[in-house]
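Q: Have a look at this fold, sequence not included:
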């Protein structure tokens with residue numbers, strides 16, 4: 001099989017994306033599928049490649065929130081999807097280590113190598129550019145800023161074909177992370193209280209999931225328009241610069257929140273979040289820390305705890321159907337966070353994302369077969 005199609009290529013850390021023709025010269029192997037991409041969300045993790053200090057090989061096709069239609073399958077025991085199925089693509093995992101076997105694929109022993117730093121050792125390069133030069137191994141098992149993606153079948157979650165396929169990709173990472181932190185990590189439910197710090201895509205997904213299961217939520221952000229969104233989705237808005245923030249949160253949550261989720265990696269907000277927790281309360285961190293986190297005295301007293309949360313502690317095949325079911329009943333309106341762009345406008349989407357003009361950009365490749 002030789003397939004030529006457009007893809008957005010990042011050639012240097014400081015350069016814009018270029019939409020080019022790339023070539024895929026391989027059939028899906030056993031356990032792999034070829035997916036025609038309907039849409040791919042742009043995630044902060046994609047854009048963080050620019051700051052990766054050479055750890056992410058370039059040139060590369062990024063994108064790890066893809067959704068699309070299966071057009072070819074290599075079969076095998078893990079290929080639980082068929083040609084014509086609509087799928088959401090999520091992160092890669094080995095399926096064999098203790099954490100994968102224990103239903104914790106986000107903590108796969110090979111997570112970094114499979115998703116961030118080069119792919120599976122046994123795999124040859126998948127893409128070449130118009131000059132025949134190999135591009136970096138697929139990103140998060142996908143490289144979905146493209147018209148097609150060749151992915152491990154275990155990355156794919158089959159979804160109802162009646163759903164708006166081009167909008168579903170962010171359920172594979174950003175929305176999965178925020179909602180999963182509430183539903184899986186915290187196991188929050190009616191009567192619980194939650195503080196969400198930072199109301200981007202992950203934070204707003206957490207707010208929506210919390211509202212869906214009856215959790216009283218306070219949302220903290222410095223952008224009034226983001227706080228207005230959080231309020232629309234059921235949270236009590238609170239500006240990040242508020243004087244006495246921990247005390248205000250405690251008043252709004254009847255003596256302190258049971259849970260807090262930080263998406264900002266801001267040390268002052270992390271300390272405020274810990275102070276705002278009730279005894280035995282838990283803080284989850286989803287943002288990558290770039291400097292040492294100094295916790296102030298007293299913040300971890302009285303049984304409070306802090307931990308990192310990866311991919312919402314999710315098994316994508318379980319959580320994604322739950323989220324689409326909530327969407328169908330009007331209780332997880334993630335589509336209201338999305339703005340679509342043609343793949344050719346990827347640099348405009350990145351600028352809008354960086355400037356906060358859009359919560360979740362979704363890139364739409366030009367369709368080639370339908």
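A: Yes, it's here. Being a predicted model, the structure only gives us computed values, none of them experimental. Numbers count the residues shown, from 1 in each chain.
Q: ok, which stretches of the stretch 251-370 of the chain are strands?
A: 257-262, 277-285, 305-308, 338-342, 360-364 (DSSP state E, counting those that start in this stretch).
Q: Check whether residue 358 really touches residue 349, as I assumed.
A: Yes. Using Cβ atoms under 8 Å, residue 358 is in contact with residue 349, at 7.3 Å. All C-beta atoms are positioned from the backbone trio N, CA, C, and that covers glycine.
Q: more neighbours, those two?
A: residue 349 (24 against 20; other Cβ atoms under 10 Å).
Q: where's that one relative to residue 45, distance?
A: Separation of residue 349 from residue 45 (Cβ to Cβ, to the nearest Å): 15 Å.
Q: Would you agree residue 236 is in contact with residue 252?
A: Yes. In this structure, residue 236 is within contact of residue 252 by Cβ under 8 Å, at 5.6 Å.
Q: Report the set of residues contacting both of those two.
A: Here residue 236 and residue 252 share the contacting residues residue 218, scored by Cβ atoms under 8 Å, 6 or more residues apart in numbering.
Q: ok, back up a step: want to try CSV for the strands of the stretch 251-370 of the chain, with mean neighbour count as columns?
A: What follows is the strands of the stretch 251-370 of the chain, written out as CSV (neighbours: other Cβ atoms under 10 Å):
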stretch, mean neighbour count
strand 257-262, 27
strand 277-285, 20
strand 305-308, 13
strand 338-342, 16
strand 360-364, 24
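Q: Ok, which of those strands comes nearest residue 72?
A: strand 360-364 (21.3 Å; Cβ to Cβ).
Q: Tell me which residues are up against the closest one.
A: Defining contact as Cβ under 8 Å, 6+ apart, one finds that strand 360-364 is touched by 8, 38-42, 63, 65, 145, 166-167, 169-170, 174-175, 201, 334, 337-343, 345-346, 349-350, 352-353.
Q: all helices of the stretch 101-250 of the chain, in order?
A: Counting by DSSP state H, counting those that start in this stretch, one finds helices in the stretch 101-250 of the chain at the ranges 111-115, 174-180, 201-212, 224-232, 245-252.
Q: show me where pLDDT drops low in the stretch 101-250 of the chain?
A: Along the stretch 101-250 of the chain, the parts satisfying pLDDT under 70 run over 117-125.
Q: would you list every one of the strands in it?
A: For the stretch 101-250 of the chain, the strands defined by DSSP E, counting those that start in this stretch cover 127-128, 148-152, 156-159, 193-197, 216-221, 236-239.
Q: got the helices of the stretch 101-250 of the chain as CSV, with distance to residue 132 columns?
A: CSV is the format used below for the helices of the stretch 101-250 of the chain (distance: least, Cβ to Cβ, whole Å):
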stretch, distance to residue 132
helix 111-115, 26
helix 174-180, 34
helix 201-212, 37
helix 224-232, 45
helix 245-252, 56
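Q: and residue 2, what is it in contact with?
A: Taking Cβ under 8 Å, 6+ apart, one finds 23, 24, 25 in contact with residue 2.
Q: Of the strands of the stretch 251-370 of the chain, which is nearest residue 129?
A: For residue 129, the closest of those is strand 360-364, at 19.0 Å, according to Cβ to Cβ.
Q: Over that closest one, what's the mean pLDDT, rounded is fine.
A: For strand 360-364, mean pLDDT rounds to 98.
Q: Paired strands for that strand, with orientation please.
A: As defined by DSSP bridges, the strand partners of strand 360-364 come to strand 32-41 (antiparallel), strand 338-342 (parallel).
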